[in-house]
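Chemist: Predicted model and sequence follow; I will ask about them next.
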Amino acid sequence: MNQNKFKNIATILLLIFFFPVGLYLMWAKTNWNKHIKIAVSAFLAICFILGLAQSGNTEKENNTQSTINTAAQETTKTSNISNLEFVLDDTIELTLNDENNDNENSYFKVTSNREFSVNAIEFISENPDIAAFTYDRTEYDKYVYFNIDAVGVGETYIYVQTKDKATTSEKIKVVVKEKETTTTTTTSTTEKATQSTTKITTTVQEVQEYSRTVYITPTGKRYHFSSSCGGKNSYAVSIESAKSQGLTPCQKCAN
């Protein structure tokens, strides 16, 4: 085999399997026709550009498929939710600019046959200018606690629903009132006249308070005088027992 034939075969193989070196050998070492060299170079350049374009499309398709898969997983978690139920269905009363507003029992129960995502649930206030309705935390994989902040005086309704709107809870009324300010003027004579009665009344109240039955929840930090305020998950104990657990009175019903 002569040297030119060997160069031609080597150049062709390199053009097929490692074209940068093959191009160099074709232009530098072979005696091919110039038009053939140009045609081969153009063909390889087009193949290279098409390869880059195909690689970009493949990466884009992979990213798109990943996004679709993520959305599908989120949709699956949403469709698993079959019921959203507020544990406390009474009207929620708040006072504007009052730091003592109590949302201790503000939670709802999620019924789902599998794991659910809180991101699949929308927290809706029909009038955010009156009450802001936001997520707080999740406990025991089914109780979702939320916060209601008084924004303005008035009435509105809050509810939750899945983002696909397949499951919606009942609506809870929220009433926001102005903070009351009272001014009491008493004279020293009146104070002296009522001191004795006040002491007796206080003693009676202390005895009644010591033996009173209250209601608490498994995860709550307050005790309640009203079982309805305590919620469906509440149970009765003595006030002495509640206080021994470090619980404090509910601002709504135990003031």
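Modeler: Looks like it came in fine.

Chemist: As PDB, could you dump the C-alpha coordinates of stretch 49-64?
Modeler: Provided in PDB are the C-alpha atoms of stretch 49-64 (Å, rounded to 0.1, in the frame of the first residue of the first chain):
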ATOM      1  CA  ILE A  49     -24.300  22.500  14.300                       C
ATOM      2  CA  LEU A  50     -27.200  20.000  14.100                       C
ATOM      3  CA  GLY A  51     -25.700  17.900  16.900                       C
ATOM      4  CA  LEU A  52     -25.500  21.000  19.200                       C
ATOM      5  CA  ALA A  53     -29.100  21.900  18.400                       C
ATOM      6  CA  GLN A  54     -30.300  18.400  19.100                       C
ATOM      7  CA  SER A  55     -28.400  18.400  22.400                       C
ATOM      8  CA  GLY A  56     -30.100  21.600  23.400                       C
ATOM      9  CA  ASN A  57     -33.500  20.300  22.500                       C
ATOM     10  CA  THR A  58     -32.900  17.100  24.500                       C
ATOM     11  CA  GLU A  59     -31.900  19.200  27.600                       C
ATOM     12  CA  LYS A  60     -35.000  21.400  27.100                       C
ATOM     13  CA  GLU A  61     -37.200  18.400  26.800                       C
ATOM     14  CA  ASN A  62     -35.700  16.800  30.000                       C
ATOM     15  CA  ASN A  63     -36.300  20.100  31.900                       C
ATOM     16  CA  THR A  64     -39.900  20.300  30.600                       C
END
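
Chemist: Give the rounded mean pLDDT of that stretch.
Modeler: What stretch 49-64 shows for mean pLDDT is 80.

Chemist: With stretch 89-107 instead?
Modeler: 80.

Chemist: what comes into contact with it?
Modeler: 87-88, 131, 136, 139, 143-150, 152-153, 158, 170, 172-179, 217, 220-222, 224, 228-231, 250-252 (C-beta atoms under 8 Å, 6 or more residues apart in numbering). C-betas here are computed from N, CA, C, even on glycine.

Chemist: Just the ones in helices from those, please.
Modeler: Ser228, Cys229, Gly230 (DSSP state H).

Chemist: which of those count as buried?
Modeler: Cys229, Gly230 (16 or more other C-beta atoms under 10 Å).

Chemist: Which member of the ones in helices among the contacts of stretch 89-107 is positioned nearest Ala236?
Modeler: Distance ranking of these against Ala236, using C-beta to C-beta, places Gly230 first at 8.9 Å.

Chemist: which residues does the closest one contact?
Modeler: Asn105, Tyr215, Ile216, Thr217, Gly220, His224.

Chemist: Quick check: which ranges of the stretch 151-255 of the chain have low pLDDT?
Modeler: 182-211 (pLDDT under 70).

Chemist: And the strands in the stretch 101-250 of the chain, which stretches?
Modeler: 107-112, 121-125, 131-139, 143-150, 154-162, 172-177, 213-216, 222-223, 235-238, 248-249 (DSSP state E, counting those that start in this stretch).

Chemist: Make CSV from those strands and add mean neighbour count to it.
Modeler: Formatted as CSV, the strands of the stretch 101-250 of the chain follow (neighbours: other C-beta atoms under 10 Å):
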stretch, mean neighbour count
strand 107-112, 20
strand 121-125, 18
strand 131-139, 15
strand 143-150, 18
strand 154-162, 19
strand 172-177, 18
strand 213-216, 21
strand 222-223, 24
strand 235-238, 14
strand 248-249, 15
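
Chemist: Please identify which of those is closest to Ile12.
Modeler: Nearest of these (C-beta to C-beta): strand 154-162, 63.7 Å.

Chemist: Give the other helices and strands that that closest one contacts.
Modeler: If you count contacts as 3 or more C-beta pairs under 8 Å, 6 or more residues apart in numbering; DSSP states H and E, strand 154-162 packs onto strand 81-86, strand 121-125, strand 131-139, strand 172-177.

Chemist: Understood, closing this out.
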